[in-house]
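**Q** no sequence for this one, just the structure:
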């Protein structure tokens, strides 16, 4: 397979993952809606920064800008092919987390009237698996579409937006669950799961 074909194949495969994700997400069986008891509109600042990061990896094509930062072709081929399983795993993680959250899932930070502290499924390994999945999709898209300085800048911007959202959501959950949430945060990392952790499991 010629290197141009590898790049094209990887790009098409990652974009197909995006379309599959959108199709599955939009057509999934939606749980009954639950009224919000408390919202945190400031989380939209974080959402906006994450959105700009995705805009960068979709729109700043490496064949249009920053060509002088091109990686060696063999390395770029390997990274582009690696983006495919990364995108697939990220989509699986996102959908698994959304199913686990059920009616508590929302775009902006909020608490529902009967909100529960979710610690099952992917949430037993990381506190924000959806953000982990989003980061995976961001990196996968960047690997097949943009030069590395653009991807690096997008990851930094995404990380700042994610930090804002995590801080706001943590305050909501701490106010609602107190010591139980604090124990959960000590045991379970925010974004990247640990292979082995010590300490008591949250009840």
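**A** Nice, I can see it. Keep in mind it's a predicted model, so treat the numbers as computed, not measured.

**Q** how far away is residue 165 from residue 106?
**A** Going from residue 165 to residue 106 by CB to CB, to the nearest Å gives 12 Å. Any C-beta I mention is one placed from the backbone N, CA and C, and that applies to glycine too.

**Q** who has more neighbours out of these two?
**A** The residue with more neighbours, out of residue 165 and residue 106, is residue 165; 23 against 15, by other CB atoms under 10 Å.

**Q** give me the phi and psi for the closest residue to residue 40 other than its chain neighbours.
**A** Closest residue to residue 40 apart from its sequence neighbours, by CB to CB, 6 or more residues apart in numbering: residue 109 at 4.0 Å. Main-chain torsions, residue 109, degrees, to the nearest 10: phi -60, psi 130.

**Q** likewise for the one 10 residues further on?
**A** Comment: the main-chain dihedrals of residue 119 come out as phi -130, psi 10, following degrees, to the nearest 10.

**Q** now for this structure, the helix or strand with the poorest mean pLDDT.
**A** Ranked by mean pLDDT, DSSP states H and E, the weakest helix or strand in the chain is strand 36-39, scoring a mean of 72.

**Q** how many neighbours does residue 192 have?
**A** For residue 192, the neighbour count with other CB under 10 Å is 9.

**Q** helix/strand/coil for it?
**A** Look at residue 192: counting by DSSP: H, G, I helix; E, B strand; the rest coil, its state is coil.

**Q** contacting residues for it?
**A** Each residue near residue 192 by CB atoms under 8 Å, 6 or more residues apart in numbering is listed here: 126, 132.

**Q** the residue nearest the centre of the chain: what's it in contact with?
**A** Residue closest to the mean C-alpha point of the chain, counted by CA atoms, centre = their mean, is residue 134 at 1.9 Å. Residue 134 makes contact with 50, 90, 94, 158, 162, according to CB under 8 Å, 6+ apart.

**Q** for it, what are phi and psi?
**A** Note on residue 134: its backbone torsions stand at phi -60, psi -40 [degrees, to the nearest 10].

**Q** surely residue 50 and residue 158 touch.
**A** Yes - applying CB atoms under 8 Å, one finds residue 50 in contact with residue 158, separated by 5.3 Å.

**Q** in this structure, what residue spans correspond to helices?
**A** For the chain, the helices defined by DSSP state H occupy 3-27, 43-59, 73-101, 129-145, 148-177, 179-187.
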